[in-house]
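Novice: For reference, the sequence and a predicted model appear below.
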Amino acid sequence: MRLFNYLLLILILGGCSESRERDAVSVYSPNAQNLSKATADTSSASTNGNERSQYIAYEHFLTAELPATEVEPVFHKLQSLCQQDIENGCTILDSSLTNNESPHGSIQFRTHPDGVDKIIGLASKQGTVIHRETQAEDLQTYIVDNQKRLEMLLRYQSRLVELEQKSENDIDTLIKIAEKLASVQSDIEYSQGKKAKLFQRTQMDLVQIQLHAKSYVSFWNPISSSLSHFGENLSDGLSEAITAIAYLLPWSIIILFSIYLIRMIWHKTRR
């Protein structure tokens, strides 16, 4: 019974410790021995990877306009460039290509900052850049909170292990401790996975490339496009005209009948 009371005391202290740590203010550092290290000045961070803050995640956007016949070849060139850039760990996260009258390609990459210029440079040289943007997202709050929670869970797990060793032959206590250890281990794995994703997000940049065909190529293209759709447009126009007549016909009858009644009443009043 004394061990069970001790277990309850440990669980209560663990919960209080968690709430206090959530309210505490500290700065995260990858080194556990240096948690009080101040954050570097993030305003001076640059996207080339030379002075990057450990908390900032960068995402680059570029939209290029090029001849319709060049969209697909450039799309495949960008894919090939990323696949061959093993040094910067380039990965294609998403890609789509639409081949129609106005081809369009879209590719999203994840790469080391040193590989960003290669991708941006290739897309820029192949056509006219109509939009370029770089966004920086500050992940400090998420990193700090996740690190504090992970450390709290590890300490809590250590206390449960110590208590498990002291419980000896108390079966009920051992069962309760085992349940808590399983729950804590699951939370630890989740926090570790989240930490790995946040670290990857700050160490690797995202690059989004959009390839558009030029909207105007020659004088005859709009004309030929209209002629090719002449039959379809004529059919749509006739169907809309027939629909309009169907709606107007009953109203026309009602209006004509109303005019006839008004004229008849007017003639009778004149007499």
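Specialist: Yep, that arrived.

Novice: Scan this protein for its longest helix.
Specialist: Counting by DSSP state H, the longest helix found in the chain is helix 230-270.

Novice: now the helices for this protein?
Specialist: 2-23, 71-84, 116-126, 140-166, 171-203, 220-228, 230-270.

Novice: The closest residue to residue 55 other than its chain neighbours: neighbouring residues, count only.
Specialist: Among residues not flanking residue 55 along the chain, residue 140 sits closest, at 3.9 Å (C-beta to C-beta, 6 or more residues apart in numbering). In short, each C-beta sits where N, CA and C put it, glycine included. The burial count assigned to residue 140 is 16, neighbours taken as other C-beta atoms under 10 Å.

Novice: now swap in residue 115 and tell me
Specialist: Counted with other C-beta under 10 Å, residues neighbouring residue 115 total 22.

Novice: try residue 74
Specialist: Applying other C-beta under 10 Å, we find 21 residues neighbouring residue 74.

Novice: so how far is residue 189 from it?
Specialist: Distance check for residue 74 against residue 189: by C-beta to C-beta, to the nearest Å, it reads 42 Å.

Novice: Also residue 164?
Specialist: Look at residue 164 and residue 189: by C-beta to C-beta, they are 19 Å apart.

Novice: higher neighbour count, the two?
Specialist: Taking other C-beta under 10 Å, residue 164 and residue 189 do not tie; residue 164 has more neighbours (17 against 11).

Novice: low-scoring stretches of this protein, by residue?
Specialist: Where the chain drops to pLDDT under 70, the residues are 1-52, 215-222, 225, 271.

Novice: bridging residues for the residue nearest to residue 214 when sequence neighbours are not counted?
Specialist: Closest residue to residue 214 apart from its sequence neighbours, by C-beta to C-beta, 6+ apart: residue 65 at 5.5 Å. Per DSSP bridges, the residues bridged to residue 65 are residue 128, residue 212.

Novice: right, and residue 65 touches residue 127 too?
Specialist: Yes. Under the criterion of C-beta atoms under 8 Å, residue 65 makes contact with residue 127 at 5.4 Å.

Novice: and those two? which has more neighbours close in?
Specialist: Comparing residue 65 with residue 127 by other C-beta under 10 Å, the one with more neighbours is residue 127, at 19 against 16.

Novice: Looks like that one contacts residue 209 (just checking).
Specialist: No. The pair residue 127 and residue 209 fails to qualify as a contact (C-beta under 8 Å) at a distance of 10.8 Å.

Novice: which neighbours do the two share?
Specialist: With C-beta atoms under 8 Å, 6 or more residues apart in numbering applied, the overlap between the contact sets of residue 127 and residue 209 consists of residue 64.

Novice: ok, now how distant is residue 180 from residue 190?
Specialist: Per C-beta to C-beta, residue 180 is found 16 Å from residue 190.

Novice: the more surrounded of those two?
Specialist: A side-by-side neighbour count of residue 180 and residue 190, using other C-beta under 10 Å, places residue 180 first with 20 against 14.

Novice: So that one sits against residue 160, correct?
Specialist: Yes. Contact status for residue 180 versus residue 160: in contact at 5.6 Å, counting by C-beta under 8 Å.
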